[in-house]
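**Student:** Below is the sequence, then the predicted model.
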Amino acid sequence: MREEETRPALWRFDAWDARAGLAFASYRPADDFEQDHLNLDFPTVFLGPPTFQPEQLESRALALAACRGTFQQGWFLGGRELGFGELSDLIEEVRRSYVAGSVIDHGDDGGGGNTQSPPVTPPEGGLGGGDNREFPSRPEQTPLRKELEEIVSSFSLEIKELGEFEKIGETGEVPSVKFEWPALLEAEPTGGDDIVERGGLLIASELLARYQSDGRQPNYHQWAEASGRFARACGMLRLWKAWSANGHISALLKSAPHLLRELAGMSPMLEKMSHHAREGDEIAGSLILWWLLIPEERADLEWNYELFYHYRGRYGFWTNEYWSAAPLQDLGYWPIPQELGRLANPNYPRRASAADLLAMFLACPQKFSDAGNWQLWATLEICLFAAAYLTHRDSPLPITLETDKRALWRPRNFDFHQPAMALGKAWRWLSKQLPGVAFVPEVEEMILQAATLSYRNQIVAEPALA
């Protein structure tokens with residue numbers, strides 16, 4: 001009897017490009033690299049995004065040839081070749097590593113590698129003052145928030161318990177446990193559950209912290225692109241109306257007093273708007289914020305303010321007539337608080353975006369649960385805001401204030417103008433993307449490392465030895 005027939009067979013990687021989400025795997029014993037040749041006659045499959053459905057191959061030869069490119073050969077830990085008892089576990093490893101590896105590679109921390117990314121804070125620190133942990137204020141602990149926190153924390157607990165009671169054996173089999181995220185939340189939303197709205201506020205606050213006034217600033221065009229896409233997206237979700245109704249816009253502007261002082265000296269009209277905004281006038285504050293975020297519409301806004309302000313007219317940015325052909329790309333423009341940037345994109349924390357944060361949370365939610373309460377909740381708020389924006393794309397037509405208030409019918413996307421329903425749909429989408437399998441801590445750490453892989457330094461082509 002041959003020696004390989006006495007060694008246990010597992011689903012093992014033959015070749016794997018973690019960042020691209022491409023993998024060849026076969027059901028076989030661990031390879032013996034001391035032999036002159038490797039056995040090619042094992043059941044072999046190929047996996048790739050977006051479905052990660054296994055495709056049957058006749059031989060391992062194609063997998064070994066792929067190792068001449070960006071694929072690493074095998075998957076090792078401490079000299080042992082790792083494997084899985086079930087193919088579904090290997091597929092989940094590939095999928096989660098691919099999601100973690102989708103964080104943007106900016107080329108350098110000055111943004112030279114990718115112009116479709118958030119602007120960095122100007123050298124003088126930005127008129128908004130950088131990370132502002134005082135805004136938005138700490139939310140009240142509601143039953144819904146407690147339920148969400150317990151759900152995410154339970155995944156982290158599963159990983160810790162698995163690491164305590166299970167170990168990777170001599171055969172290299174990776175212990176795992178299935179995990180199911182509830183699609184429906186049991187707790188009923190209350191007035192304090194403005195989670196989607198607060199996620200948008202965190203991004204708005206960061207955009208103000210990185211504010212750049214004109215083309216003389218080094219990242220002005222990147223900032224204007226990011227802020228314009230964000231302001232119109234919030235209009236699509238009707239967040240401007242929700243912010244105004246709850247006094248959030250005045251609080252946001254008060255958190256950046258340098259901006260109001262700067263604007264007051266530009267023109268009599270801006271001085272008047274700034275004065276009303278400082279006194280807590282939400283309509284004036286909305287106009288100021290829109291003026292700041294969308295430079296190309298400033299002339300029209302000043303004219304609208306003069307014509308409509310005294311009559312409390314409803315403004316166009318409270319409707320959701322904006323549509324984006326690439327909503328996921330939009331997320332890549334929007335900055336996040338710098339404290340989250342270090343978690344979301346370890347290589348380029350200053351340019352970490354909402355897309356990076358969403359990818360890292362979907363791949364490794366335990367990372368944010370273990371980081372602290374503020375980090376967990378800021379991440380949940382931004383990710384639920386992002387999910388609400390992404391899932392809103394399935395609506396057949398925009399809804400305006402007129403159809404909202406007067407029409408006898410309700411379009412299919414009417415639920416997005418009810419905060420509880422928007423939150424519910426966003427969570428249902430997230431629950432389907434989050435990990436379905438928890439692995440031992442050593443393997444979970446390998447998934448985290450996928451976010452640091454780069455083709456430019458060829459790290460991905462090297463065996464994953466630890």
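**Tutor:** Structure received. Keep in mind it's a predicted model, so treat the numbers as computed, not measured.
**Student:** can you pull out the strands in this protein?
**Tutor:** For the chain, the strands defined by DSSP state E occupy 10-17, 22-28, 44-47, 55-57, 72-73, 76-77, 80-81, 176-178, 437-439.
**Student:** I'd like to know how many residues surround the nearest residue in space to residue 83 that is not next to it in sequence.
**Tutor:** Spatial nearest neighbour of residue 83, chain neighbours left out: residue 10 (2.9 Å); criterion: C-beta to C-beta, 6 or more residues apart in numbering. C-betas here are computed from N, CA, C, even on glycine. Neighbour count of residue 10, defined by other C-beta atoms under 10 Å: 24.
**Student:** Quickly note the distance from the residue nearest to the spatial centre of the chain to residue 138.
**Tutor:** Nearest to the mean C-alpha position of the chain, counting by C-alpha atoms, centre = their mean, stands residue 358 at 1.5 Å. According to C-beta to C-beta, to the nearest Å, residue 358 and residue 138 sit 23 Å apart.
**Student:** thinking again about what came up before, my read: the residue nearest to residue 83 touches residue 80, true?
**Tutor:** No. Using C-beta atoms under 8 Å, residue 10 and residue 80 do not qualify as a contacting pair, with a distance of 11.1 Å.
**Student:** So what's the residue count around residue 208?
**Tutor:** Neighbour count for residue 208, taken as other C-beta under 10 Å: 24.
**Student:** Sorry, wrong one. I was asking about residue 141.
**Tutor:** For residue 141, using other C-beta under 10 Å, the count is 10.
**Student:** what are the phi and psi values for it?
**Tutor:** phi -80, psi 110 (degrees, to the nearest 10).
**Student:** which ones are touching the nearest residue to residue 373 once chain neighbours are set aside?
**Tutor:** Closest residue in space to residue 373, ignoring its immediate chain neighbours: residue 149 at 8.0 Å, by C-beta to C-beta, 6+ apart. By C-beta atoms under 8 Å, 6 or more residues apart in numbering, the contact list for residue 149 reads 373, 376, 377.
**Student:** got it, and residue 60?
**Tutor:** The contact partners of residue 60, by C-beta under 8 Å, 6+ apart, come to 14, 24, 26, 38, 39, 40, 41, 42, 44.
**Student:** Quick one: which of these is the most crowded by neighbours?
**Tutor:** Neighbour max across the contacts of residue 60 (other C-beta under 10 Å) = residue 14, 28 neighbours.
**Student:** and the residue lying closest to residue 330 once chain neighbours are set aside, how far is that from residue 24?
**Tutor:** Spatial nearest neighbour of residue 330, chain neighbours left out: residue 229 (4.9 Å); criterion: C-beta to C-beta, 6+ apart. Going from residue 229 to residue 24 by C-beta to C-beta gives 39 Å.
**Student:** Identify the residues contacting residue 447.
**Tutor:** Residue 447 neighbours (C-beta under 8 Å, 6+ apart): 93, 96, 97, 100, 363, 364, 439.
**Student:** on that earlier part again, tabulate the contacts of residue 60 (CSV), appending pLDDT and distance to residue 210.
**Tutor:** Below are these laid out as CSV (pLDDT from 0 to 100; distance: C-beta to C-beta, whole Å):
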residue, pLDDT, distance to residue 210
14, 94, 45
24, 97, 43
26, 95, 49
38, 80, 53
39, 82, 56
40, 84, 54
41, 85, 58
42, 89, 53
44, 93, 49
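**Student:** Redo those residues as TSV? Include distance to residue 74.
**Tutor:** Converted to TSV, those look like this (distance: C-beta to C-beta, whole Å):
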residue	distance to residue 74
14	7
24	11
26	11
38	10
39	14
40	15
41	18
42	13
44	14
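**Student:** looking at it, residue 117 is touching residue 330, isn't it?
**Tutor:** No. Assessed by C-beta under 8 Å, residue 117 is found out of contact with residue 330, at 11.9 Å.
**Student:** quick one, which of the two is more surrounded?
**Tutor:** residue 117 (27 against 23).
**Student:** Quick check: the closest residue to the more buried one other than its chain neighbours vs residue 204, distance?
**Tutor:** Nearest residue to residue 117, sequence neighbours excluded (C-beta to C-beta, 6+ apart): residue 351, at 5.1 Å. For residue 351, the distance to residue 204 (C-beta to C-beta) stands at 18 Å.
**Student:** still on that earlier bit, for the residue nearest to the centre of the chain, give its distance to residue 201.
**Tutor:** 17 Å.
**Student:** Mean pLDDT per helix and strand in the protein: which one sits at the bottom?
**Tutor:** helix 401-406 (a mean of 36; mean pLDDT, DSSP states H and E).
**Student:** how about residue 187, what does it touch?
**Tutor:** Residue 187 neighbours (C-beta under 8 Å, 6+ apart): 142, 143, 144, 146, 147.
**Student:** Try it again at 7 Å.
**Tutor:** Residue 187 makes contacts with 143, 144, 147, as judged by C-beta atoms under 7 Å, 6 or more residues apart in numbering.
**Student:** Now, those residues that are in helices?
**Tutor:** 143, 144, 147 (DSSP state H).
**Student:** which of those count as buried?
**Tutor:** Buried members of the ones in helices among the contacts of residue 187, scored by 16 or more other C-beta atoms under 10 Å, are residue 144.
**Student:** Between the ones in helices among the contacts of residue 187, which sits nearest residue 298?
**Tutor:** Ranked by distance to residue 298 (C-beta to C-beta), the ones in helices among the contacts of residue 187 are led by residue 144 at 39.0 Å.
**Student:** does the residue nearest to residue 83 really touch residue 85, like I thought?
**Tutor:** Yes. Using C-beta atoms under 7 Å, residue 10 is in contact with residue 85, at 6.3 Å.
**Student:** what is in contact with those two at once?
**Tutor:** residue 173.
**Student:** any weak-confidence spans in the stretch 101-250 of the chain?
**Tutor:** 106-116, 120-136, 191-192 (pLDDT under 70).
**Student:** Do a quick rundown of the helices in it.
**Tutor:** 143-165, 195-209, 220-236, 239-245, 248-254 (DSSP state H, counting those that start in this stretch).
**Student:** Please identify the most buried of those.
**Tutor:** The highest mean neighbour count among these, using mean count of other C-beta atoms under 10 Å, belongs to helix 195-209: a mean of 25.
**Student:** between that helix and helix 220-236, how many degrees?
**Tutor:** 160 degrees (axes from the mean of the first three to the mean of the last three C-alpha atoms, to 10 degrees).
**Student:** Which strands or helices does helix 195-209 pack on?
**Tutor:** helix 220-236, helix 239-245, helix 248-254, helix 373-391, helix 419-433 (3 or more C-beta pairs under 7 Å, 6 or more residues apart in numbering; DSSP states H and E).
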